[in-house]
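Participant: Whatever this is, show me its structure:
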Amino acid sequence: MTYPATDPNELSVIATADYFIGRNWSGVMVSVDYYYGFLQGLLYAPIMLIIYSPELQYSAILVLNSFFISFVPVIAYYLAYRFRTGKIWKCLVIAFVAGGYCCYFAHTKSAWSETISIVIPWVLVWLVFRTNDSKSKYGRFFLSLLVGTVTGLSFAAHTRLIAVALALTFAFVLERIFFGKKMINFIGYFIALAASALLVIYVSKIIQKNLWCAENSLLLENTLASFVDDFPGHMENDGISRLVETFSSQLYYFAASTWGLGAISFCLFAAVLSACIKHKVKKESQTYEMEISTFGFFSVLSVMLTIIFSTLYRFGNTNHLIYQDSMMFGRFIDGVVPFALIFVLVMLFTHSISANKILGASAILGVIYVVFIGTAVPVILECDSTRIAPVLGLYPLRVGAANTELLNFDSLFLTMSMTFCIMGILLVIISCTKKNRSIIISGIMTLVTAYSLIYISVAYLPLCREESQRLNESVVKLSESVYNQAGAPAVTAFNISRHDALMLQFLNRNVTVKVTYDIESVPENSFLVVRNDEDVSALENSRTPFLLIADSSTLKMYAYGERASAYIRSQDIGKEELEAEQETLIPEKTTTPTQTTTPESTTAPPTTSTTERTPIVSTYTLPSVVTTPADSMDDDDNWAVIE
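Facilitator: Predicted structure coming up:
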């Protein structure tokens, strides 16, 4: 991968990184109505400062992502060893299953906010246990401040991490109730949490105002303010039914993407919680150790609260009748799934889970699937498009199905059947074996994880790379003709796709790119970039110099105005050569606009607001299956199609 392909997720993060080192993308970011936090961009800022080449910058970003995500298996090993799982090979298996989760591997191959959103919860868990180990009163207080600070800063990575913060806090409360102990200092934790959360809000407001040009944060999607403001409207009409459909879809995704082990985590959570309540009431010593119980509370609560949060975000999405993944959207859940897997494996290795719990998990799977089939499946099967990344965890289970095929009932039923197969195998192992039980279970989980990673490597990521090349080919070729140097004329992007406009700025940091959707407002003395089929006769017929500089498969660039034309002549282009080529470069003038229509084209209407933000008007062809990762409420993206 040499260029970003996720519009506008990746490029917005890169724009934030550039903002921190003094560059300003506000002229083009005014067209982006989705805010993605600033923490990942802050981490990328040194790369943007040190490395000049956009291609090398992007490569360095992916290497940095690999560095950050490598902490996950290390912390998973630390936890497994701490919970006295047993022999080192068992700890290694747990580390491999957690760190090798296929969605982690895929989501970190882009310059968006997923990497830091995945890593922060793991760092929090590690800090909590380190705090619990501290013998010094002052050291414990300092580490508690650090835990609270990291928890508050997590909101700058992604809004969904509010669910992780709530899960961590609830786990602390349950630990205090059932065990009478505190792993951290509550006063230090809550003081630091409040202070860092307020800092995040303050910095976010500044960035939204200066980079996104949004005086009012309600105009941006993916913010907590817009979520709260839009919620009452989403509940109107058929809001309740969509809420149920989305919730059942999210549960289905979690159960299927964990190969059924997610249902076991629910059973274990209920068992640990009921045992803690029972012994607390009878004032007896607890059956389960404090640390594994607290981790179990956190792991399952983080999943459950993230599912609830994701449901509340997704059920109002107007794309639920277009994209199959809109209701099942599992990318939010992917970040916390391995915590539940660790909890299940540790309990399998240390507490010899009974056959009744496997049967209970199978019953939970059955209930989830029946509700999902009865509520959401009819709606999903009516959709004629899907995106792979939001439901990536399902694809390794679709054995034999092509990635470019839409999800049908057979493939959905196959994913459900695969989870019941795993439940059946575990039931046989637990019922019939004792001596080699851990070895067999470890072998199964290792094979499942390795298979999923191989699938991502040979089936999914090559499609992403191909799509990135195809999506960027035209704008990269055109960008070679932009004079990327101080003093060069500004670039005006007129009515082109948002991705192409952002890429022009990414590829040309020394010039200013501005977006406009009104031909009359195109400023003179700039490089004008338009689609090949765009009618520019109004500018061609004017007395202002209008010179075609370059074109690509989908875009053209003109020098508009005397200064822009003079700048072209001042570069390494001979005047006689330029005059000789003018006749072939300037297209014939037309009096009627060129119109192209396709059967599946959709035009997004301009949004209306009380501020001066430029409305987004874009035309795109509705795809069937795409790899581009969708964000939580990204409705107007120009997704590339996998042929």
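Participant: Can you give me the neighbour number for Pro237?
Facilitator: No, residue 237 isn't Pro; it's Asn. As a burial measure, Asn237 scores 9 neighbours (other CB atoms under 10 Å). For glycine as for every other residue, the C-beta is placed from the backbone atoms N, C-alpha and C.
Participant: From Thr318, how far off is it?
Facilitator: Plainly put, Asn237 is 12 Å away from Thr318 if you go by CB to CB, to the nearest Å.
Participant: Also Ser248?
Facilitator: In this structure, Ser248 and Thr318 are 19 Å apart, going by CB to CB.
Participant: likewise Ser217?
Facilitator: 21 Å.
Participant: Those two - which one has more neighbours?
Facilitator: Between Ser217 and Thr318, Ser217 has the larger neighbour count (other CB under 10 Å), namely 18 against 10.
Participant: Let me see the confidence value for Ile490.
Facilitator: Not quite, residue 490 is Ala, not Ile. As summarised for this prediction, Ala490 has a pLDDT of 91.
Participant: Am I right that it is in contact with Thr516?
Facilitator: No: if you go by CB atoms under 8 Å, Ala490 and Thr516 don't touch, sitting 11.2 Å apart.
Participant: The two: which is more packed in?
Facilitator: Ranked by neighbour count (other CB under 10 Å), Ala490 and Thr516 place Thr516 first, with 19 against 15.
Participant: Setting aside sequence neighbours, what's the nearest residue to the more buried one?
Facilitator: Across the structure, with CB to CB, 6 or more residues apart in numbering as the measure, the residue nearest Thr516 apart from its sequence neighbours is Phe494 (5.6 Å).
Participant: do Tyr78 as well
Facilitator: On the basis of CB to CB, 6+ apart, the spatially nearest residue to Tyr78 that is not a chain neighbour turns out to be Trp126, at 6.6 Å.
Participant: Can you verify my assumption that that neighbour contacts Ile75?
Facilitator: Yes: under the criterion of CB under 8 Å, Trp126 lies in contact with Ile75, with a separation of 4.9 Å.
Participant: Tell me which of the two has more neighbours.
Facilitator: The residue with more neighbours, out of Trp126 and Ile75, is Ile75; 21 against 18, by other CB under 10 Å.
Participant: How about the contacts made by the spatially closest residue to His107 that is not a sequence neighbour?
Facilitator: Spatial nearest neighbour of His107, chain neighbours left out: Glu114 (4.1 Å); criterion: CB to CB, 6+ apart. In this structure, Glu114 makes contact with 107-108, 331, 335, judged by CB atoms under 8 Å, 6 or more residues apart in numbering.
Participant: what ranges do the strands span in this structure?
Facilitator: Remark: strands assigned in the chain by DSSP state E are 386-387, 491-494, 513-516, 526-531, 546-551, 555-560, 601-603, 619-621, 625-626.
Participant: now those as CSV including distance to Ile162?
Facilitator: Formatted as CSV, the entries for the strands of the chain read as follows, by distance: least, CB to CB, whole Å:
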stretch, distance to Ile162
strand 386-387, 24
strand 491-494, 35
strand 513-516, 32
strand 526-531, 39
strand 546-551, 47
strand 555-560, 40
strand 601-603, 33
strand 619-621, 32
strand 625-626, 29
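Participant: Among the ones you listed, which comes closest to Ser144?
Facilitator: Counting by CB to CB, Ser144 lies closest to strand 386-387 out of these; the figure is 41.0 Å.
Participant: just how off-centre is that closest one within its chain?
Facilitator: 14 Å (CA atoms, centre = their mean, to the nearest Å).
Participant: list the contacts for the closest residue to Leu168 other than its chain neighbours?
Facilitator: Taking CB to CB, 6+ apart as the measure, Leu168 lies nearest to Phe298, with 5.8 Å between them; neighbours along the chain are not counted. Contacts for Phe298 were tallied using CB under 8 Å, 6+ apart; they are 125, 167-168, 171, 339.
Participant: go on, Lys90?
Facilitator: In this structure, Lys90 makes contact with 80, 349, 438, 442, judged by CB under 8 Å, 6+ apart.
Participant: Which residue, other than its chain neighbours, is closest to the second one?
Facilitator: So the one you mean is Phe349. In this structure, Phe349 finds its nearest non-sequential neighbour in Thr85, 4.9 Å apart by CB to CB, 6+ apart.
Participant: ok, now the last one?
Facilitator: The spatial neighbour of Ser442 that comes closest, neighbours along the chain excluded (CB to CB, 6+ apart), is Val93 at 4.4 Å.
Participant: Quick check: that neighbour vs Pro396, distance?
Facilitator: Taking CB to CB as the criterion, Val93 is separated from Pro396 by 18 Å.
Participant: ditto for Ala192
Facilitator: 40 Å.
Participant: mind checking which of the strands of the chain is nearest Leu365?
Facilitator: Using CB to CB as the criterion, the shortest distance between Leu365 and the strands of the chain is 23.2 Å, found for strand 386-387.
Participant: Quick check, Ala95 in contact with Ala76.
Facilitator: Yes: assessed by CB under 8 Å, Ala95 is found in contact with Ala76 at 4.5 Å.
Participant: neighbour-wise, which of the two wins?
Facilitator: Neighbours were tallied for Ala95 and for Ala76 using other CB under 10 Å; the higher tally belongs to Ala76 (28 against 21).
Participant: Quick check: buried residues in stretch 401-408?
Facilitator: Taking 16 or more other CB atoms under 10 Å as the basis for neighbour counts, the residues of stretch 401-408 that come out buried are 401, 407.
Participant: Between its first and last residues, what's the separation in it?
Facilitator: Taking CA to CA, to the nearest Å as the measure, stretch 401-408 stretches 10 Å from start to finish.
Participant: Same check on stretch 276-293?
Facilitator: 9 Å.
Participant: What residues sit buried inside it?
Facilitator: Of the residues in stretch 276-293, 276, 288, 290-293 count as buried by neighbour count, 16+ other CB under 10 Å.
Participant: now, which of those residues lie within helices?
Facilitator: Taking DSSP state H, the ones among those that sit in helices are 276, 290-293.
Participant: which of those residues lies closest to Leu407?
Facilitator: Ile292 (37.0 Å).
Participant: so the closest one touches Val344, yeah?
Facilitator: No: between Ile292 and Val344 there is no contact under CB under 8 Å: 11.8 Å.
Participant: shared neighbours, those two?
Facilitator: Common contact partners of Ile292 and Val344 (CB under 8 Å, 6+ apart): none.
Participant: if we can go back for a sec, the residue nearest to Tyr78: what's it in contact with?
Facilitator: Contacts for Trp126 were tallied using CB under 8 Å, 6+ apart; they are 75, 78-79.
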